[in-house]
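Peer 1: Next comes the sequence, and after it the predicted model I'd like to discuss.
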Amino acid sequence: MIKRIVSIAVLAGILLLGITQKEGLLATVNEGGTYAVLVSMLLVAICVFVPIVPFPVLAGLIGGIFGTAEGVLVTLSGSMIGTMLFFYIARYGFKEWAQAKLDRYPQVKDYEDKLHKNAFLAILLVRIVPVVPSPVVNIVCGLSRVNGFVFLLASAIGKLPNILLLSFAGASFAENKWFSFGLYGVYVLIIMAVNYVIVYKRMNKVPE
């Protein structure tokens, strides 16, 4: 009961901060500087729970302000802080509620089976190619027996390519806007194509 109360309080605080302080947080990020680094990480962490700013826009903005290398570090750090918090809230705070929600999505069962066979690889692949929405991955892994460190490592490695691309696109935006848009557009098309192939194969899989 105490874990649930703490989880509710933390979640409510995150949502309230994100919704009420969005403009102020973004203004601080735009100013740059050391304080902006911490606020950027906080903003990215909040967006793991509620997308008050679209992640591609936020990651690109951070990359544009801090540069590619520092932008990757800031965005990945914030993303993992939010992701791990989400993971542990699902595991210790809302286990019964989360499980009831997941039971409504039969397709998640397939991912759960793969998760139990090879947790690291299953998490890594679904982070690189998001065939399962990120919040669902956080919840499923939180409800499972996946080790927290394995989840952290696989998620960080899997998120890195997307964050690197977004940070680079953001850092290049001032010099060449069309290049930045085109770079991310190609990435999105590739992800959509891979998702289509996976879904197509699953739909046409011959039952054994």
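Peer 2: Sure, I can see it.
Peer 1: do you know how far Ile75 is from Ala193?
Peer 2: Quick fix: residue 75 is Thr, not Ile. 25 Å (CB to CB, to the nearest Å). Using the backbone N, CA and C atoms, a C-beta is placed for each residue, glycine as well.
Peer 1: So between those two, which is more surrounded?
Peer 2: It is Thr75, of Thr75 and Ala193, that has more neighbours when counted by other CB atoms under 10 Å, with 31 against 10.
Peer 1: which residues of the chain fall in helices?
Peer 2: 2-20, 22-31, 34-49, 55-66, 68-92, 95-102, 107-117, 119-128, 134-143, 148-172, 177-203 (DSSP state H).
Peer 1: Low-confidence ranges, this protein, go.
Peer 2: 1, 3, 97-114, 194-208 (pLDDT under 70).
Peer 1: now with 50?
Peer 2: 206-208 (pLDDT under 50).
Peer 1: Can you report how many residues neighbour the residue nearest to Val44 when sequence neighbours are not counted?
Peer 2: The shortest distance from Val44 to any residue other than its chain neighbours is 2.9 Å, reached at Gly78 (CB to CB, 6 or more residues apart in numbering). Per other CB under 10 Å, the neighbour tally for Gly78 reads 26.
Peer 1: Other residues contacting stretch 70-87?
Peer 2: Applying CB atoms under 8 Å, 6 or more residues apart in numbering, the external contacts of stretch 70-87 come out as 10, 14, 37, 40-49, 58-59, 62-66, 134-135, 138-139, 141-142, 148, 151-152, 155-156, 159-160, 163-164, 166-167, 170-171.
Peer 1: Can I get stretch 12-20 as PDB, trimmed to CA atoms?
Peer 2: Once non-C-alpha atoms are left out, stretch 12-20 reads as follows in PDB (Å, rounded to 0.1, in the frame of the first residue of the first chain):
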ATOM      1  CA  ALA A  12       1.200  13.000  -9.900                       C
ATOM      2  CA  GLY A  13       4.200  15.200  -9.200                       C
ATOM      3  CA  ILE A  14       5.700  14.400 -12.600                       C
ATOM      4  CA  LEU A  15       2.400  15.100 -14.500                       C
ATOM      5  CA  LEU A  16       1.700  18.300 -12.600                       C
ATOM      6  CA  LEU A  17       5.200  19.600 -13.200                       C
ATOM      7  CA  GLY A  18       5.200  18.800 -16.900                       C
ATOM      8  CA  ILE A  19       1.700  20.300 -17.500                       C
ATOM      9  CA  THR A  20       2.000  23.400 -15.500                       C
END
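Peer 1: How far does it sit from its chain's centre?
Peer 2: Mean-position distance between stretch 12-20 and its chain equals 18 Å (CA atoms, centre = their mean, to the nearest Å).
Peer 1: mind listing what's buried in that stretch?
Peer 2: Ile14, Leu17, Gly18 (16 or more other CB atoms under 10 Å).
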